[in-house]
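**Q** Predicted structure and sequence below. I'll ask about it afterward.
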Amino acid sequence: MIPAREALDRLREGNRRFTAALRDPDSLLHQGRRLELTTVQQPFAIILGCSDARVPAEIVFDQGLGDLFVIRVAGNIVAPSQVGSVEFAAEAFATRLVVVLGHSQCGAVTAAIQELQRPTENQSRNLRSIVDRVRPSVQGLFETELRNDLTALHRQAVRANIRASVDHLRHGSALLEQLIDDSGLLVVGAEYSIETGAVDFFDLGWAAR
């Protein structure tokens, strides 16, 4: 089992390689590694990220086959199936780091902001289910001066949405709460910059102490 702090350091180092346009040769797919993984997997981090095609976690963190357990959904929202997926990986593989990975220019956040400004008629029920999970993170920002600066509002809304997902995972699952208290599970937030390729980790809990 890789401790959460060590796993976080691995992700940071991998992202530094990515932003420097370098590549760890050990992360490249090769037959030996693939064969090793036919019987067992031990991902060192769980990534709950957005489905955006510009944010593939394995590439952003320069990791290889079997290194990450990746869950992707538009807006990096947390619904029961995502909670269950995180629970599964944390328990089955003893993975001790969970990262909620949002990103700049998030379309789901944009959709939630637009919905608050002007409700959409005849929106797909399935799309609305995503927007409705993002909207509470955004709604409070409209009550501040940010409502006069949509660019700044969107930037803050991305962070607020990530934090909401982190909070949901930390406090919305009895199993994850137990693993946090007893087994060193760490749930953190992170934002990927579409513009620079850098990942900023925040809301680190005890990792920041």
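**A** Thanks, I have the structure now.
**Q** can you tell me the helix or strand for the residue nearest to L97 when sequence neighbours are not counted?
**A** Leaving aside its sequence neighbours, L97 sits nearest to A7 (Cβ to Cβ, 6 or more residues apart in numbering; 3.9 Å). To be clear about C-beta, it is placed using only N, CA and C from the backbone, and glycine gets the same treatment. Assessed by DSSP states H and E, A7 sits inside helix 4-19.
**Q** Can you pull out the residues in contact with whichever helix or strand comes after that helix?
**A** Scanning forward in sequence from helix 4-19 by DSSP H and E, the next helix or strand is helix 31-36. If you take Cβ atoms under 8 Å, 6 or more residues apart in numbering as the criterion, helix 31-36 is touched by G64, L65, G66.
**Q** Out of those residues, flag the one nearest to A45.
**A** Within the contacts of helix 31-36, the smallest distance to A45 is 11.6 Å, found for G66 (Cβ to Cβ).
**Q** With adjacent residues omitted, what lies nearest to that closest one?
**A** Closest to G66 by Cβ to Cβ, 6+ apart is L37, at 4.6 Å.
**Q** count of neighbours near that neighbour?
**A** L37 is flanked by 13 other residues according to other Cβ atoms under 10 Å.
**Q** can you count the residues close to the residue nearest to L97?
**A** Neighbour count of A7, defined by other Cβ under 10 Å: 23.
**Q** continuing past the helix or strand bottoming out on mean pLDDT in the chain, what's the next helix or strand?
**A** The helix or strand of the chain with the poorest confidence is helix 31-36; it has a mean of 72 (mean pLDDT, DSSP states H and E). Next in sequence after helix 31-36, counting helices and strands by DSSP H and E, comes strand 45-49.
**Q** Let me know the angle separating that following strand from helix 4-19.
**A** For strand 45-49 against helix 4-19, the angle between stretch directions is 60 degrees (axes from the mean of the first three to the mean of the last three Cα atoms, to 10 degrees).
**Q** and strand 45-49, what does it pack onto?
**A** With contacts taken as 3 or more Cβ pairs under 8 Å, 6 or more residues apart in numbering; DSSP states H and E, strand 45-49 sits against helix 4-19, strand 68-72, helix 80-92, strand 97-103.
**Q** CA atoms only for the shortest one, dumped as CSV, please.
**A** Right, strand 68-72. Provided in CSV are the C-alpha atoms of strand 68-72 (Å, rounded to 0.1, in the frame of the first residue of the first chain):
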residue,chain,number,x,y,z
LEU,A,68,-4.5,5.2,-11.6
PHE,A,69,-8.1,4.2,-11.0
VAL,A,70,-9.9,6.9,-13.0
ILE,A,71,-13.6,7.8,-12.8
ARG,A,72,-14.7,10.4,-15.3
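**Q** now the angle between helix 4-19 and that strand, please.
**A** In terms of direction (the same axes, to 10 degrees), strand 68-72 departs from helix 4-19 by 70 degrees.
**Q** Show me what strand 68-72 is packed up against.
**A** Using 3+ Cβ pairs under 8 Å, 6+ apart: strand 68-72 touches strand 45-49, helix 57-60, helix 80-92.
**Q** Adding distance to E177, write these out as CSV.
**A** Output for the helices and strands packed on strand 68-72, formatted as CSV (distance: least, Cβ to Cβ, whole Å):
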stretch, distance to E177
strand 45-49, 16
helix 57-60, 25
helix 80-92, 11
